[in-house]
Every structure is written in structure tokens, then in C-alpha cells.
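> Give me a model of this one.
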Amino acid sequence: MIYLIGGPPRCGKTTLAKALSKKLKISWISADALECASRPYVPKKNQKKKYPYSYLRGHGKDRNNDEFYSIYSTTKIISVLKKQAKTVETAVEMFIAHELDNHNDYIIEGYHITPAFRTKMVKTYGKKNIRTVFLTKFDAEQFAKDVHKSSTPNDWLLVLTKKEETFLKVGKMVAKYSEYFEKEAKKFKLKTVNMDKNFSKQIKEAVKLLQN
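Now for the predicted structure:
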């Protein structure tokens, strides 16, 4: 069984993956890791087109969030995230095929996991082999407040952000991106879990959904 966890950045996908991993005693991987592994095989001349989000962030050296979210609009950031996700889909699918061929259960999480991609995986490998949930957040102000509760080591958002107003900008991007995931999920009749409130309780609910 392959468990797919999708949704915008900062919605709890990694936390959910760790919780499910502990519950089922199986391994998990971030699609970000698969992205890093696949990038060296893309010609340098195509890097800007294939990995536009990383390109805007600073060619591998992260531009701080205050600068990044001042230069680029929410619409632009979501646009390049979507394009980069499409590039990484091939690597994710190869990983899924490998694990299923070896009869391994595995958890994959990342913004790269979209409702359309999940539907493609079900058509390719069968519904019995794929389970999915999508996490969302719509409250930008609550997002900005909750950021400081993060216990993630070297949290990219906290480390690269100095101005409080930037957290709200990121929250608005996540909220807008969540609208996309919610709309797509409804189109394909898939499950979403809103993480705005009762985060720990919602993680437990998502774990249950993935086991049913």
C-alpha cells in the first residue's frame, strides 16, 4: 500500500507522515527528497523551466522570505510551485512503482501530491494500492500566529524570516493554494482535512482516514 499525503506547504503533511509511520510501523519519504535526487539528471539549461520555484528562491541558495514574498505575488508563487510539482511527478511515480513491485508499504508526502496525480496513480496501480488525504489551511492570521509553535529543527520559515508581516503573507499564499487543493479534491471526490484548528486532533483524524 502506498499512502499519499498532499496539500500546500506548512499544512502538517510531515507531521502526519511521521504519525502514520509510527502507527503502521512503515517508512515515509518527502517528495522534496525525491525532487533533490532527480534534479541533477535534468540538464542545467532546463533547470529554470523545470524547477521555477527553486530558481526564484535563488538558484539553490535560499533568498530570505521577507525578500521573496515582497518581490513575488501569491499568484506567482503558487504558479511556480505547481510547475515544479509537475516536474517531480515522474520521480514520485517511479518511487511508487519500485515500492509496489517490491511489495513494500510506504508513505509519501509533499505539495507535489495533487488530486490529479493521485487519480493517475489509482488508474495505473489500482485503488487497492493507493490511499490518499489532502491537508489544507485557510486562516492566514491563525497561520501567522501558529508559526512560532513550530518544533521543526531548522524550520525554513522561521530561519529565513525576520519580519512578522511576512508570516501573514505566507499564510495568505497557503490559504490561496488550499483553495486550489480543495477545488481539485472535490472534482475527483477525494478527502481533505482542514488543519486550521485542533491541529493534533485533525492529525489523528487524518491518520484514521488513511487507514480506512
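> host element of Thr132?
Here Thr132, judged by DSSP states H and E, is contained in strand 130-136.
> dump the residue contacts of Phe188.
Counting by Cβ atoms under 8 Å, 6 or more residues apart in numbering, Phe188 touches Pro115, Ala116, Arg118, Thr119. Yep, even glycine has a C-beta here, placed from its N, CA and C like the rest.
> at 7 Å what do you get?
Pro115, Thr119 (Cβ atoms under 7 Å, 6 or more residues apart in numbering).
> Model confidence score at it, please.
For Phe188, the pLDDT comes out at 96.
> after the helix or strand hosting Tyr177 comes which helix or strand?
Tyr177 belongs to helix 164-187 when assigned by DSSP H and E. Once helix 164-187 ends, the next helix or strand along the chain (criterion: DSSP H and E) is strand 192-194.
> Paired strands for that next one, with orientation please.
Using DSSP bridges, the strands paired with strand 192-194 are strand 130-136 (parallel).
> Rounded mean pLDDT for the strand it pairs with, please.
Per-region confidence: strand 130-136 scores 97 on mean pLDDT.
> Run the angle between that strand and helix 164-187 for me.
Interaxial angle of strand 130-136 relative to helix 164-187 (axes from the mean of the first three to the mean of the last three Cα atoms, to 10 degrees): 140 degrees.
> quick thing: my sequence starts at 69, can you match it?
Got it, the first residue is 69 from now on, which makes the last one we talked about strand 198-204.
> who touches strand 198-204?
The contact list for strand 198-204, computed with Cβ under 7 Å, 6+ apart, reads 69-75, 79-81, 84, 183, 186, 189-190, 246, 249-250, 253, 258-263, 274, 277-278.
> Could you pull out the strands in this protein for me?
Here the chain has its strands, by DSSP state E, at 70-74, 95-98, 174-177, 198-204, 260-262.
> which parts of the helix holding Tyr245 are buried?
Neighbour-count burial for helix 232-255 flags 234-246, 248-250, 252-253 (criterion: 16 or more other Cβ atoms under 10 Å).
> Many thanks, have a good one.
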